[in-house]
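Colleague: No letters, just coordinates:
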Ligand code: ATP
């Protein structure tokens with residue numbers, strides 16, 4: 001029998017009056033995974049997370065956290081998950097420590113101060129522990145949000161855009177801490193717009209677009225979907241018809257072609273020269289997650305018409 005999933009959603013649907021935010025999404029996140037949920041604005045990421053966290057009701061389908069249904073078994077599911085929301089919402093008159101103690105009380109946890117102090121220290125909040133929330137900078141408030149999600153030691157941690165508007169130093173500190181939690185066995189689910197971050201951190205990635213899951217695979221496998229070598233060109237003239245099936249428009253007048261190996265680059269250049277198209281700009285490199293993302297999001301629309 002398969003192990004109980006850290007998070008499982010089955011055929012999840014969420015309809016708002018004007019929009020279907022989730023249109024039948026199914027996926028499993030295994031215990032101990034570092035999973036990335038990517039997609040453009042409005043793809044449905046926050047909606048999915050809100051349903052899993054028990055904050056929003058699905059219109060159809062079901063979701064579980066460590067095997068507990070988020071509706072039928074709300075309390076158990078809620079205890080097993082810690083969510084770092086996108087928006088910064090706090091009681092401005094509480095101090096950092098009070099905020100965390102209050103959150104701990106919400107989960108009925110007494111004698112939790114040792115862990116609270118540990119979380120405060122790890123997130124570099126010690127100097128601000130007795131400061132009122134309203135006096136904190138945006139980056140500091142974000143650290144408190146992370147601390148708040150960890151207060152009840154949930155095995156599953158979901159972070160919705162945790163590094164939006166956060167400076168590089170804090171971002172790195174935050175990731176070091178989250179990585180450590182993952183090494184210690186916590187399941188991490190992350191949504192981010194920083195694809196480089198997802199590529200570095202996530203072992204597996206799901207991509208949402210218009211409420212549908214359009215890719216779900218190991219990060220390495222996603223990267224290998226695009227051939228090993230990419231040639232990006234700016235041409236003066238037409239791309240030879242034979243090369244069109246493997247070309248994508250970048251949207252800025254440049255074209256990217258996928259080829260199997262570096263040895264094939266010369267053949268591409270020769271074909272362009274032969275067709276009388278001068279090469280104004282040339283870049284050869286490997287695909288990164290951003291390339292995969294752009295091509296998946298573009299679907300076939302940006303493919304150069306053959
Ligand atoms: P972002 O990257 O901008 O945070 P997202 O992928 O998290 O986007 P969602 O916030 O889940 O996307 O939104 C999905 C769709 O559902 C959007 O079209 C959004 O406008 C809509 N939506 C979300 N919440 C509501 C709501 N409470 N009422 C009506 N429509 C909503």
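Modeller: Arrived safely. All values reported here derive from a predicted model rather than from experimental measurement.
Colleague: so residue 174 makes contact with residue 166?
Modeller: Yes. Counting by CB atoms under 8 Å, residue 174 touches residue 166, with 7.1 Å between them. Yep, even glycine has a C-beta here, placed from its N, CA and C like the rest.
Colleague: Can you work out which residues contact both of the two?
Modeller: The contact sets of residue 174 and residue 166 overlap at residue 142 (CB atoms under 8 Å, 6 or more residues apart in numbering).
Colleague: Can you get me a residue count around residue 57?
Modeller: For residue 57, the neighbour count with other CB atoms under 10 Å is 10.
Colleague: Would you map out the domains in the protein?
Modeller: Here the domain parsing of the chain from automatic domain parsing is 7-219, 228-286.
Colleague: Format these as JSON lines; extra columns: distance to residue 292 and mean pLDDT.
Modeller: Shown next, in JSON lines, are the domains of the chain (distance: least, CB to CB, whole Å; pLDDT from 0 to 100):
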{"stretch": "domain 7-219", "distance to residue 292": "8", "mean pLDDT": "91"}
{"stretch": "domain 228-286", "distance to residue 292": "11", "mean pLDDT": "86"}
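Colleague: Let's have those domains in a markdown table, adding distance to the ligand.
Modeller: Output for the domains of the chain, formatted as a markdown table (distance: least, CB to the nearest ligand atom, whole Å):
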| stretch | distance to the ligand |
| --- | --- |
| domain 7-219 | 3 |
| domain 228-286 | 20 |
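Colleague: quick one, which of these is nearest to residue 296?
Modeller: Residue 296 lies closest, by CB to CB, to one member of those: domain 7-219, at 5.5 Å.
Colleague: sorry, back to before: and residue 174 and residue 166? which has more neighbours close in?
Modeller: residue 174 (21 against 18).
Colleague: Could you list the buried residues of stretch 134-149?
Modeller: 136, 140-149 (16 or more other CB atoms under 10 Å).
Colleague: can you check stretch 105-125 too?
Modeller: For stretch 105-125, using 16+ other CB under 10 Å, the buried residues are 109, 112, 115-116, 119-120, 122-123, 125.
Colleague: Let me know whether residue 120 touches residue 129 as I believe.
Modeller: Yes. Residue 120 lies in contact with residue 129 (CB under 8 Å); the separation is 5.4 Å.
Colleague: which neighbours do the two share?
Modeller: Shared contacts of residue 120 and residue 129 (CB under 8 Å, 6+ apart): 96-97.
Colleague: thinking again about what came up before, closest to residue 242 out of the buried residues of stretch 134-149?
Modeller: Out of these, the member with the shortest distance to residue 242 (by CB to CB) is residue 142, at 51.0 Å.
Colleague: for the closest residue to the closest one other than its chain neighbours, helix, strand, or coil?
Modeller: By the measure of CB to CB, 6 or more residues apart in numbering, the closest residue to residue 142 outside its immediate chain neighbours is residue 166, 5.8 Å from it. What DSSP: H, G, I helix; E, B strand; the rest coil gives for residue 166 is coil.
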